[in-house]
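Asker: model this:
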Amino acid sequence: MLLDYHVHAIAHGEYQYSREWIRQFIETARSHKLREIGFTEHDEYIAEIDYRLLENLRREYDDIKIKIGLEVDYWEERENQIRQLVAGYPYDYIIGSIHYLDGWAFDHPDHRDGFDHLDIDQVCQRYFQVLSQMVDSGLFTVVAHFDLIKKWGHRPVGHSLNYYCHEVLNKIKKSDMCVEINSAGLRKPVGELYPGQEILKLMASMKIPVTLASDAHHPSEVGEGVREAAQAAWAAGYREIASLNRGKRVMLPLLL
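Answerer: Just a heads-up that it's a prediction; the model follows:
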């Protein structure tokens, strides 16, 4: 089975919900033979989500399951706010993501030059430290783009990325969370999945469940790279994929 659990119909505020617009995402998912699609808007656009429309479309389509999630930016100071956000609707899952390090939007094109003035090893250490705090919060179901810190192609010098992620992976395992295999990295300067294959192998050895994600911000991106993500999961040793419904997880066969 293939699915795409990371789709932004609103993108970064460029688009609005309408039946015709949402249908384009669903039809693209069907064309890729996906069995499930998850709409997961960025939490800053939560007021613009048309839950009733999504619920109506759920009943309309019988060959593809439509899931409703939310992607939430984490930093420690907003944990109480996040609790209030996610309590407002019975989401199928909540994706936790790190896009800011101490106020620095490290993955935004306008701020990528921040890497030029910092020690990349220290940046990686800080990134995975914040990621660990996110997991400790207990607020999330899925970890988004696990090693996003590599987006622009920067790599730590003293150690590999694997060195920095062992602690957080142990916490993810203990917390019984999922990690998405996010194909957006294939479209970025780093040119590889989040997480990379070595980390994925480590996750498989720890039996950390995974789901699949395109991080689509337009109908044309739905399902893009998802098959490659599934193949990477298979090569790492995975034979099952996580399907999520109202916070509950069911493991289904990973079919390429």
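Asker: residue ranges for the helices of this structure, please.
Answerer: 19-31, 51-60, 79-86, 120-136, 161-175, 197-205, 226-236 (DSSP state H).
Asker: show me what counts as buried in the shortest one.
Answerer: Neighbour-count burial for helix 79-86, counted by 16 or more other Cβ atoms under 10 Å, picks out 82, 85-86. Where you see a C-beta, it was placed from the backbone N, CA and C, and this is true even at glycine.
Asker: now swap in the last one and tell me
Answerer: Residues 226-227, 229-230, 232-233, 236 are the ones in helix 226-236 that count as buried (16+ other Cβ under 10 Å).
Asker: again, but for the first one
Answerer: Across helix 19-31, burial judged by 16+ other Cβ under 10 Å covers 22, 25-26, 28-30.
Asker: which among the residues you listed gets closest to Leu101?
Answerer: Of all the buried residues of helix 19-31, Leu101 sits closest to Phe25, with 30.8 Å by Cβ to Cβ.
Asker: in TSV, list the helices of the chain along with distance to Arg155 and mean pLDDT.
Answerer: Shown next, in TSV, are the helices of the chain (distance: least, Cβ to Cβ, whole Å; pLDDT from 0 to 100):
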stretch	distance to Arg155	mean pLDDT
helix 19-31	33	98
helix 51-60	39	97
helix 79-86	31	97
helix 120-136	7	97
helix 161-175	7	95
helix 197-205	12	97
helix 226-236	19	98
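Asker: out of those helices, which is closest to Ala216?
Answerer: helix 19-31 (7.3 Å).
Asker: if we can go back for a sec, of the buried residues of helix 79-86, closest to Gly247?
Answerer: Val86 (10.0 Å).
Asker: tell me the spacing between that closest one and Met203.
Answerer: 24 Å (Cβ to Cβ, to the nearest Å).
Asker: touching, Lys67 and Asp92? I think so.
Answerer: Yes - the criterion here is Cβ atoms under 8 Å, and Lys67 meets it with Asp92 at 4.3 Å.
Asker: joint contacts of those two?
Answerer: Common neighbours of Lys67 and Asp92, counting by Cβ atoms under 8 Å, 6 or more residues apart in numbering, are 38, 244-245.
Asker: show me which of the residues you listed are buried.
Answerer: Buried, going by 16+ other Cβ under 10 Å: 38, 244, out of the shared contacts of Lys67 and Asp92.
Asker: just name the closest of the shared contacts of Lys67 and Asp92 to Leu148, please.
Answerer: Gly38 (18.6 Å).
Asker: between the buried residues of helix 19-31, which sits nearest Asp50?
Answerer: Distances from Asp50 to those, taken by Cβ to Cβ, are shortest for Ile22, at 8.1 Å.
Asker: wait, doesn't the closest one sit right on Leu53?
Answerer: Yes - at 6.4 Å, Ile22 counts as touching Leu53 under the criterion of Cβ under 8 Å.
Asker: just give the closest residue to Glu55, not the sequence neighbours.
Answerer: Nearest non-adjacent residue to Glu55, counting by Cβ to Cβ, 6 or more residues apart in numbering: Ile68, 7.8 Å away.
Asker: that should have said Val130, apologies.
Answerer: By the measure of Cβ to Cβ, 6+ apart, the closest residue to Val130 outside its immediate chain neighbours is Ile98, 5.5 Å from it.
Asker: next up, the contacts around the residue nearest to Glu55.
Answerer: 38-39, 51, 54-55, 89, 91-92.
Asker: ok, which of the helices of the chain comes nearest Ala9?
Answerer: Short answer: helix 19-31, nearest of those by Cβ to Cβ, at 5.9 Å.
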